[in-house]
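Enquirer: coordinates only, no sequence provided:
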């Protein structure tokens with residue numbers, strides 16, 4: 001039996017009951033500018049009776065995406081500036097991004113690479129371009145970590161993902177391989193035992209980093225895939241974006257982080273939303289984000305607490321966005337307790 005195709009047009013979203021006819025008309029300009037894809041699996045997890053369903057908000061397009069503010073950037077974290085050859089981003093001295101594909105199983109409506117991904121941009125690097133990217137890594141012996149991203153690198157077949165893994169294994173100075181993916185959430189059936197086996201790399205540390213923003217995405221099928229990776233010895237990480245209307249309260253975030261730890265996934269980053277075009281309806285102020293993070297920090301253990309960061313526009317680096325618990329008072333330094341009180345520590 002053939003698998004169902006993803007929903008990639010406003011008409012398809014309307015037929016699936018995810019938007020109304022008036023919405024389909026209003027979304028025509030959005031569909032022309034940005035890629036759309038909602039997998040049948042994720043579509044089945046959307047509550048049509050809940051206008052605030054978090055999965056719908058993350059993946060079903062909205063007319064607001066055509067609104068662009070002056071501070072928004074087509075390349076908000078400076079990938080192009082730091083790309084010496086196609087498919088490589090070399091922002092930090094000891095690690096590079098390798099982007100073998102430009103497509104995803106789903107397209108997040110807040111994506112910071114939304115101007116760079118989609119089927120119209122070519123599905124994958126050509127063999128020659130991939131070879132050049134690998135040659136760049138081979139030539140730069142300071143690179144010890146390769147982060148596979150895209151697009152979603154799990155769009156590669158098991159055979160191609162395995163071949164790419166082995167090509168990286170053969171580079172002596174690369175000791176860490178990290179795959180970043182949404183696939184376990186978006187289309188978990190695509191990840192088989194054979195796929196997990198293809199990513200095994202003798203003598204190297206291979207991490208799988210899951211992009212997940214709400215506990216509703218952590219389905220039984222997703223948990224099954226995570227168990228396969230964990231049982232096979234892969235360390236698992238998670239990255240989350242702080243999004244208005246999805247997870248912009250400490251209780252929602254705490255539920256997700258605690259569920260991830262129980263699934264053997266270590267929360268890694270909580271990203272403040274980037275200045276991607278047409279994503280203003282998702283963004284919070286830094287002050288709002290810091291207040292939420294402080295509340296989260298008081299609710300979960302250190303094991304379940306991600307780093308709260310902001311990517312500096314232009315791609316310089318990440319900035320630590322967590323507010324400090326060390327407070328300067330007229331009498332000296334004091335420490336903020338989880339009760340909100342200040343406790344004297346060092347006197348001036």
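Expert: Noted; the coordinates are in hand. Just so we're clear, the structure is a prediction, and the values are computed from it rather than from any experiment.

Enquirer: where do the strands sit along the stretch 1-150 of the chain?
Expert: 88-92, 95-98, 145-148 (DSSP state E, counting those that start in this stretch).

Enquirer: what is the mean pLDDT for the first one?
Expert: Looking at strand 88-92 alone, the average pLDDT works out to 96.

Enquirer: adjacent strands (with direction) for it?
Expert: strand 95-98 (antiparallel) (DSSP bridges).

Enquirer: returning to what we had before: nearest to residue 278, out of the strands of the stretch 1-150 of the chain?
Expert: strand 88-92 (22.4 Å; Cβ to Cβ). Every C-beta, even on glycine, is put in place using the N, C-alpha and C of the backbone.

Enquirer: would you format the strands of the stretch 1-150 of the chain as TSV with mean neighbour count included?
Expert: Output for these, formatted as TSV (neighbours: other Cβ atoms under 10 Å):
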stretch	mean neighbour count
strand 88-92	19
strand 95-98	22
strand 145-148	21
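
Enquirer: who wins for proximity to residue 310 among those?
Expert: strand 88-92 (14.8 Å).

Enquirer: next, name the residue at the spatial heart of this protein.
Expert: Geometric centre of the chain, nearest residue: residue 211, 3.9 Å, by Cα atoms, centre = their mean.

Enquirer: isn't it up against residue 237?
Expert: No: taking Cβ atoms under 8 Å as the definition, residue 211 is not a contact partner of residue 237, at 10.0 Å.

Enquirer: how far away is the nearest residue to residue 284 once chain neighbours are set aside from residue 341?
Expert: Take residue 284 and drop its neighbours on the chain: the residue closest to it by Cβ to Cβ, 6 or more residues apart in numbering is residue 244, 5.4 Å away. Using Cβ to Cβ, to the nearest Å, residue 244 is found at 30 Å from residue 341.

Enquirer: with neighbour numbers in mind, choose between the two.
Expert: A count of neighbours by other Cβ atoms under 10 Å puts residue 244 above the other of residue 244 and residue 341, at 17 against 9.

Enquirer: next up, phi/psi of the more buried one, please.
Expert: Phi and psi for residue 244, reported as degrees, to the nearest 10, are phi -60, psi 130.

Enquirer: what sits against it?
Expert: Residues near residue 244 by Cβ atoms under 8 Å, 6 or more residues apart in numbering: 281, 282, 283, 284.

Enquirer: thanks a lot, catch you later.
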